[in-house]
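Q: Output the structure for:
(one chain, ligands or ions: 1)
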Amino acid sequence: MNLGIEELPASCDVLVIGAGPAGSAAAITLARAGHDVVMIDQHIFPRDKICGDGLIPDAHAALRKLGVLDEVMAQAQASDFVRCIAPRGGVIDVPGALAVLPRKELDLILCRAAVTAGARMFAPLRFVAPIEEGGVVVGATLQKGEATQALRARWVVLASGAVPQALMAAGMSERTTPSGVALRGYVKNDAMVGRIDKLEFVWHRAVTPGYGWIFPCPGGVFNIGVGIAESHSAPRDGKLAKREANLRDVMQEFTRIYEPARELMAGGTLLGPMKGAPLRCSLAGARYTRPGLLVVGDAAGSTYSFSGEGIGKAMETGMLAAEALHAGGDDASARARYEAALAALKPRFELYQRANNVNRYPWLVDLLIWRAKKSNGLLRRMSGVLNETSNPGNLLSLKGFRRLFLD
Ligand SMILES: Cc1cc2nc3c(=O)[nH]c(=O)nc-3n(C[C@H](O)[C@H](O)[C@H](O)COP(=O)(O)OP(=O)(O)OC[C@H]3O[C@@H](n4cnc5c(N)ncnc54)[C@H](O)[C@@H]3O)c2cc1C
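A: Numbering: from 1, shown residues only. Below is the predicted model:
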């Protein structure tokens, strides 16, 4: 499959900027519906993306809808549980459809599916600025090396991820700082295969306001990392500010307080350097639309606060934007459809935003696990949140939220 540069056309129906999960999901959906789609990325694929690589149930649902779930699962490491580990060592396994696949492979599958569907992919090509006429976006200026080229499009879908430069260039950024930051590395350690076979989240005072994780990838490789929520909000004390400034310190703390992490690192081989990246969460920090342009995925803040999971919702927002455009009508009605679809997702994001308290006060996980051990109902509710089978509206009421922790 040729994912390289062909002759860039002068115009298309829809220009998708960014070939991550959000962009590819939009491109697949639009191309299958018969639209002339051009997708560009600043990197040649396959490319690495700094991520935990965890696929939670919403990602499974989106991949199924895009018709690539079987292909993804044939390469991924499947798991039936998320393991939550509390500061005092309490453990609970929350059931769900889960998997881990390095983004280099996942994003290539999605990008290929877009090309198979008929989208034309050009990389490396960088979005520089929108082309505007009378306040309407009618295309984009793209750059390769020193050369720039204009591409006109009826619609532009901006799927440029959490790094804000493209969002700012498009005039859509409401906040340049991220909602959180995270650091990850790959460790090869065959001796730990079978010992860590679930997606593990670890909360502890030493890694507040965040958590550590170990996710088993295929082939005896583990994705290990730490994430810090609300990394750029005003620090509450000097200690916190210092910790936030250096994720590598937090990572060191994680391997100090969590024995399996220490063992994994000590007995394994780090494959390449540990790398950090920003997250944009809670559907906040950007305008979603302007005439001629829709923002999808992390650029629109589609990552869950608290857990930092965003692959599933990135694809979902990409598909929602595509469906809004395909439904036809004028610019205003397509944009209104997309904005309404995002508004319908908001209660779920608010629930995860509230759950962020757990990252600040990790003793809440001790309480939660202690309660869940005694109550099948609580475990079912936790699984309902993970699997998105529960109504977030019910859980968002003060009573509902208290029940999640206390009943
Ligand atoms: C360390 C870390 C761990 C994470 N772990 C998980 C996890 O385990 N599970 C999970 O679900 N989520 C996780 N996330 C979140 C997840 O990575 C994002 O939610 C997801 O990548 C969003 O997809 P996207 O398509 O919106 O953006 P991206 O995947 O970031 O894709 C954006 C694309 O746009 C391209 N681009 C950007 N600017 C330009 C430009 N100017 N011109 C052309 N192309 C451009 C980029 O090259 C990139 O390919 C993690 C995030 C981090 C930082």
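Q: CA only for contacts and neighbour counts going forward, please
A: Noted.
Q: Measure how buried R262 is and give me the count.
A: Neighbourhood size, R262 [other CA atoms under 10 Å]: 16.
Q: How is it assigned, secondary-structure-wise?
A: helix (DSSP: H, G, I helix; E, B strand; the rest coil).
Q: surely it meets Q252?
A: No: R262 is not in contact with Q252 according to CA atoms under 8 Å; the separation is 9.1 Å.
Q: Spell out which residues are contacts of both of the two.
A: Listed contacts common to R262 and Q252 are nil; contacts here mean CA atoms under 8 Å, 6 or more residues apart in numbering.
Q: Any regions of the stretch 151-300 of the chain where pLDDT drops low?
A: 231-245 (pLDDT under 70).
Q: rerun that using 50 as the cut-off
A: The stretch 151-300 of the chain contains residues with pLDDT under 50 at 234-244.
Q: doesn't V16 make contact with D36?
A: No: in terms of CA under 8 Å, D36 does not count as a neighbour of V16; the distance is 10.8 Å.
Q: Mind checking which of the two has more residues around it?
A: Between D36 and V16, counting by other CA under 10 Å, V16 is the more crowded of the two (31 against 18).
Q: wait, is that one part of a strand?
A: Yes: counting by three-state DSSP, V16 is located in a strand.
Q: what's the spacing between it and P164?
A: 16 Å (CA to CA, to the nearest Å).
Q: can you check L98 too?
A: Taking CA to CA, one finds L98 at 29 Å from P164.
Q: Neighbours of E259, how many?
A: Neighbours of E259 (other CA under 10 Å): 11.
Q: Check P124 too.
A: 17.
Q: Isn't it up against K144?
A: Yes: between P124 and K144 a contact is recorded at 6.7 Å, counting by CA under 8 Å.
Q: overlap in contacts of these two?
A: Counting by CA under 8 Å, 6+ apart, nothing touches both P124 and K144.
Q: The residue nearest to N387 when sequence neighbours are not counted and L110: what is the separation?
A: Spatial nearest neighbour of N387, excluding adjacent residues (CA to CA, 6 or more residues apart in numbering): P57 at 5.4 Å. According to CA to CA, P57 and L110 sit 17 Å apart.
Q: Looking at these two, which has the bigger crowd around it?
A: Comparing P57 with L110 by other CA under 10 Å, the one with more neighbours is L110, at 27 against 19.
Q: At the contact with the ligand, which residues of the stretch 301-407 of the chain appear?
A: Contact residues, the stretch 301-407 of the chain versus the ligand (CA under 6 Å from any ligand atom): 303, 308-312, 314.
Q: nearest to L66, of those?
A: G312 (11.4 Å; CA to CA).
Q: Model confidence score at that closest one, please.
A: Among the per-residue scores, G312 shows a pLDDT of 98.
Q: That one and L55 touch, don't they?
A: Yes: between G312 and L55 there is a contact under CA under 8 Å: 7.2 Å.
Q: returning to what we had before: can you tell me which two in the residues of the stretch 301-407 of the chain next to the ligand are farthest apart?
A: So for those, where distance means CA to CA, the most widely separated pair is G308 and A314, at 12.0 Å.
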